[in-house]
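*Asks:* the sequence isn't on hand, but the structure is:
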């Protein structure tokens, strides 16, 4: 947590910065090193003896700024992603150096094309084969259509006309046989022919009637059965050929799609800039030591290869420790210190879920917090920045140095130097704090002097501090023992 010391109306106080600390209303015991450091920070308002054995600080009003400081790097909030469009895994043969400013249509990445070239050649061959197969199927369909028309208007009519011609001949034969029979009967009655001749002519009539019926049956079978059966067969052949044609059309379309996709992927092996601008590599994972995009690296489809950031929309993403993340919210002011300038910014987003912790983070749990930067010339991704998020500003409040406060089992106290030189203990009611000062709600008045190193010079303060330390150590020991007892 960064430290902003309250600004007194009479004298300015010094400022000390640290990262990741947070004061609670009940302070833990402060060591001698912390006392000396804090005493140095408040030295302008402190007084002591010539030998330096007693340090005091005069209570004054001022502004108490509570903030947290983290380190981060600049990035763009609006990045154009350059992705791999080739299926499967492919090898990078060339990639533009990060930080390069490119023009439109400049080559950014090249991928190995040997496998895709073979696929493209194979798909072209398969396309030609599918086209030939489809042409054959189309010819068979037309042939089947012609066969139907040829049967209906050709072979069927020819067969029907032949049978009808034979039927007419049999009808003439029957009429002739009947006349001959009638004439023989008349001659038989006159005694000119024998009965045998009459019977022979009667048999001829019967034979002619049978032949006539046979032809009539053949014509009926041709019209009602043979024609229907032949039409069904020819129609079935047509349907089968049409289905084969549809399948071949789908097969050709698939081969064309494969060919075109292979051709497109072959073109996609050379990635060009869609617009001009700065090109950077994507940030590698925290546990990696090298970027994902290098010559010889394998990349997959839809993997982000490069980024083209919008330099007018810059931000910084920092991790806020879980102990104070509840105090961070969108809209808080932040101060961003760059190597060459300082910008006023604000918090735009705080993650609701912690980032994964691991050995690469020291198992420290932090929440991603986005700091939105104002548009300014010269900002580039990757620039280092120190981010100070202002958690609270308490104006015109009484403050006491952290080093002057001792937390005991009986309460939180400080030791005040009276006008006659005596030192008395004072119970305090404290508010918010930073690493150097604490807000006083009750217990001290403006102008009073507090001892900065009470545990070193006041017997009861030292005893209270040692008692608190011993109690804290025993609690920690009991907790550790309990945790080990739960282990199998």
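*Replies:* Thanks, I have it. All values derive from a computational prediction rather than experimental measurement.

*Asks:* mind listing what's buried in the helix or strand containing residue 66?
*Replies:* Residue 66 is part of strand 60-76, with elements assigned from DSSP states H and E. Buried residues in strand 60-76, counted by 16 or more other Cβ atoms under 10 Å: 60-70, 72, 74-76. All C-beta atoms are positioned from the backbone trio N, CA, C, and that covers glycine.

*Asks:* tell me the one of these nearest residue 371?
*Replies:* residue 72 (7.5 Å; Cβ to Cβ).

*Asks:* would you agree that closest one is in contact with residue 315?
*Replies:* No: look at residue 72 against residue 315 with Cβ atoms under 8 Å: they stay out of range, at 9.4 Å.

*Asks:* which residues are in contact with each of those two?
*Replies:* Residues within reach of residue 72 and of residue 315 at once, by Cβ atoms under 8 Å, 6 or more residues apart in numbering, are residue 371.

*Asks:* so residue 444 belongs to a helix, correct?
*Replies:* No: if the criterion is DSSP: H, G, I helix; E, B strand; the rest coil, then residue 444 is coil and not within a helix.

*Asks:* check the gap between the closest residue to it other than its chain neighbours and residue 213 for me.
*Replies:* Of all residues not flanking residue 444 in the chain, residue 59 sits nearest, at 5.2 Å (Cβ to Cβ, 6 or more residues apart in numbering). According to Cβ to Cβ, to the nearest Å, residue 59 stands 139 Å off from residue 213.

*Asks:* so which residues of the stretch 151-300 of the chain form helices?
*Replies:* 156-190, 195-221, 227-268 (DSSP state H, counting those that start in this stretch).

*Asks:* got it, and the stretch 1-150 of the chain?
*Replies:* 32-41, 114-150.

*Asks:* would you mind confirming that residue 151 is in contact with residue 232?
*Replies:* No: at 11.3 Å, residue 151 and residue 232 do not qualify as touching, with contact defined as Cβ under 8 Å.

*Asks:* between the two, which has more neighbouring residues?
*Replies:* residue 151 (18 against 10; other Cβ atoms under 10 Å).

*Asks:* who's in contact with that one?
*Replies:* Residue 151 neighbours (Cβ under 8 Å, 6+ apart): 230-231, 234.

*Asks:* so which of those residues is the most crowded?
*Replies:* residue 234 (19 neighbours).

*Asks:* could you count how many residues lie near the nearest residue to residue 266 once chain neighbours are set aside?
*Replies:* Nearest non-adjacent residue to residue 266, counting by Cβ to Cβ, 6+ apart: residue 116, 5.1 Å away. The number of residues packed near residue 116 is 22, by other Cβ under 10 Å.

*Asks:* now do residue 116, the pLDDT please.
*Replies:* What the model reports for residue 116 is a pLDDT of 93.

*Asks:* that one against residue 269, yeah?
*Replies:* Yes: look at residue 116 against residue 269 with Cβ under 8 Å: they come within range, at 6.4 Å.

*Asks:* got any residues that touch both of the two?
*Replies:* residue 86.

*Asks:* show me the chain divided up by domain.
*Replies:* 3-77+312-482, 79-112+269-309, 116-262 (automatic domain parsing).

*Asks:* just to revisit the earlier point, in a markdown table, list the helices of the stretch 1-150 of the chain along with distance to residue 256.
*Replies:* Formatted as a markdown table, the helices of the stretch 1-150 of the chain follow (distance: least, Cβ to Cβ, whole Å):
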| stretch | distance to residue 256 |
| --- | --- |
| helix 32-41 | 77 |
| helix 114-150 | 6 |
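
*Asks:* checking the spatially closest residue to residue 355 that is not a sequence neighbour next. Helix, strand or coil?
*Replies:* Among residues not flanking residue 355 along the chain, residue 368 sits closest, at 5.6 Å (Cβ to Cβ, 6+ apart). What three-state DSSP gives for residue 368 is strand.

*Asks:* who's in contact with residue 368?
*Replies:* Going by Cβ under 8 Å, 6+ apart, residue 368 touches 317-319, 350-351, 355.

*Asks:* shaky segments in the stretch 251-400 of the chain?
*Replies:* 284-292, 357-362 (pLDDT under 70).

*Asks:* coming back round to it: to residue 304, which of the helices of the stretch 1-150 of the chain lies closest?
*Replies:* Nearest to residue 304, of the helices of the stretch 1-150 of the chain and by Cβ to Cβ, is helix 114-150 at 20.7 Å.

*Asks:* show me what that closest one is packed against.
*Replies:* The helices and strands touching helix 114-150, judged by 3 or more Cβ pairs under 8 Å, 6 or more residues apart in numbering; DSSP states H and E, are helix 227-268.

*Asks:* all set, thanks.
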